[in-house]
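Novice: Sequence and computational prediction follow.
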Amino acid sequence: MTEVLLVDRADTGVVTLTFNRPESLNSLSVELKEALRDALRDAAADDDCRALLLAGAGRGFCVGQDLREHIETLGAGSDPMRTVHEHYTPIAELLGGMPKPVVAAVRGPAAGAGAALAFLADFRIGGPGTSFSMSFAGVGLAGDTGISWTLPRLVGYAKATELTLLGTKVDAATADRLGLFTELVATDDEVLPAATALATRLAAGPTVAYGQLKRELATGASGSLRDALAVEADAQSICGATSDHRAATEAFVAKRRPAFHGR
């Protein structure tokens, strides 16, 4: 039986999670959502995982909820929105709070919760065939998977309102203009190699410092100056106690290139 989520652990420290339902453009079945939730939990707790890479098998990244499965749930009379509490919310919390860098290789369409997953990543690599669609309203639903938190931070409140309420499809050129990409590569075949190269670069860096920088930015984006200063002080205490900090400082003074070990 084919695994719906492929997990690859490279000796570089990069853990790659590949949505593996290419026949449905990697739509999110319960099985895939549960596998993703559990894999994210494992990655967050794994000190050997120093960068996370999200990718989709085939010609799409992820088009969100599996609506064929969803319609079966509606027909059975059970609560179809249980999946928000059981799957989408914990996935968003794990991905958004991941204490190490996250790169999304967004090849092809990313829609609904699939787009939201890409927006929760720290870096997004796209190609000419990449597109984003906030398709929730098109099926009479509000957003989930953190879309109301990430999208206004990425494109601004007014543009986020437009994209979510109108469900406007965003092509690669527009996404690049809006700042949704870290890098837009020339061909779709370059998306995964470019994303892998970036994840590998990040995995060789100061993992603890990266995690604390992410924490600082999240606090600074929504908290007060006092909140930000308190988190900065705590984050510096944590980073200052790492062997990476000591070794890198010694390397700088000695004019050597530092080697980070994520600890």
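Specialist: Structure received. Residues are numbered from 1 along each chain as shown.

Novice: how far does stretch 236-245 stretch from start to finish?
Specialist: Terminal residues of stretch 236-245 lie 10 Å apart, using C-alpha to C-alpha, to the nearest Å.

Novice: Show the average pLDDT along it.
Specialist: The predicted model assigns stretch 236-245 a mean pLDDT of 97.

Novice: from the middle of its chain, how far away would it be?
Specialist: Taking the mean of its C-alpha atoms, stretch 236-245 sits 26 Å from the chain's own mean (C-alpha atoms, centre = their mean, to the nearest Å).

Novice: outside of that stretch, which residues touch it?
Specialist: 206-209, 212, 258, 260-263 (C-beta atoms under 8 Å, 6 or more residues apart in numbering). (Glycine included, C-beta is placed from N, CA and C.)

Novice: can we see that at 6 Å?
Specialist: Residues outside stretch 236-245 that contact it (C-beta atoms under 6 Å, 6 or more residues apart in numbering): 206, 208-209, 212, 260, 263.

Novice: repeat for stretch 179-193
Specialist: Applying C-beta under 6 Å, 6+ apart, the external contacts of stretch 179-193 come out as 55, 105, 107, 123-127, 129, 175-176, 194.

Novice: Of those, which belong to helices?
Specialist: When DSSP state H defines the helices, the subset of these inside them is 175-176, 194.

Novice: So which of the residues you listed is the closest to L74?
Specialist: A175 (31.8 Å; C-beta to C-beta).

Novice: quick one: the closest one and G64, what's the gap?
Specialist: According to C-beta to C-beta, to the nearest Å, A175 stands 17 Å off from G64.

Novice: Of those two, give the one with the bigger neighbour count.
Specialist: Higher neighbour count among A175 and G64: G64, with 27 against 22, using other C-beta atoms under 10 Å.

Novice: isn't the more buried one right up against A111?
Specialist: Yes - using C-beta atoms under 6 Å, G64 is in contact with A111, at 5.0 Å.

Novice: can you map out the strands along the stretch 1-150 of the chain?
Specialist: All strands of the stretch 1-150 of the chain, identified by DSSP state E, counting those that start in this stretch, fall at 5-9, 14-19, 51-56, 102-106, 109-111, 123-126, 131-133.

Novice: what's the most buried one of those?
Specialist: Highest mean neighbour count of these: strand 102-106, a mean of 29 (counted as mean count of other C-beta atoms under 10 Å).

Novice: Return the list of helices and strands in contact with that one.
Specialist: strand 51-56, strand 123-126, helix 191-203 (3 or more C-beta pairs under 6 Å, 6 or more residues apart in numbering; DSSP states H and E).

Novice: With respect to R226, which of the strands of the stretch 1-150 of the chain lies nearest?
Specialist: Across the strands of the stretch 1-150 of the chain, closest to R226 is strand 102-106 (C-beta to C-beta), at 28.3 Å.

Novice: Taking helix 191-203 as reference, get the angle to that closest one.
Specialist: Angle between the axes of strand 102-106 and helix 191-203 is 170 degrees (criterion: axes from the mean of the first three to the mean of the last three C-alpha atoms, to 10 degrees).

Novice: want to try TSV for the helices and strands packed on strand 102-106, with distance to V155 and mean pLDDT as columns?
Specialist: Listed next are the helices and strands packed on strand 102-106 as TSV, based on distance: least, C-beta to C-beta, whole Å; pLDDT from 0 to 100:
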stretch	distance to V155	mean pLDDT
strand 51-56	20	98
strand 123-126	13	98
helix 191-203	21	98
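
Novice: okay, these in JSON lines with distance to V139 next?
Specialist: Formatted as JSON lines, those follow (distance: least, C-beta to C-beta, whole Å):
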{"stretch": "strand 51-56", "distance to V139": "21"}
{"stretch": "strand 123-126", "distance to V139": "24"}
{"stretch": "helix 191-203", "distance to V139": "27"}
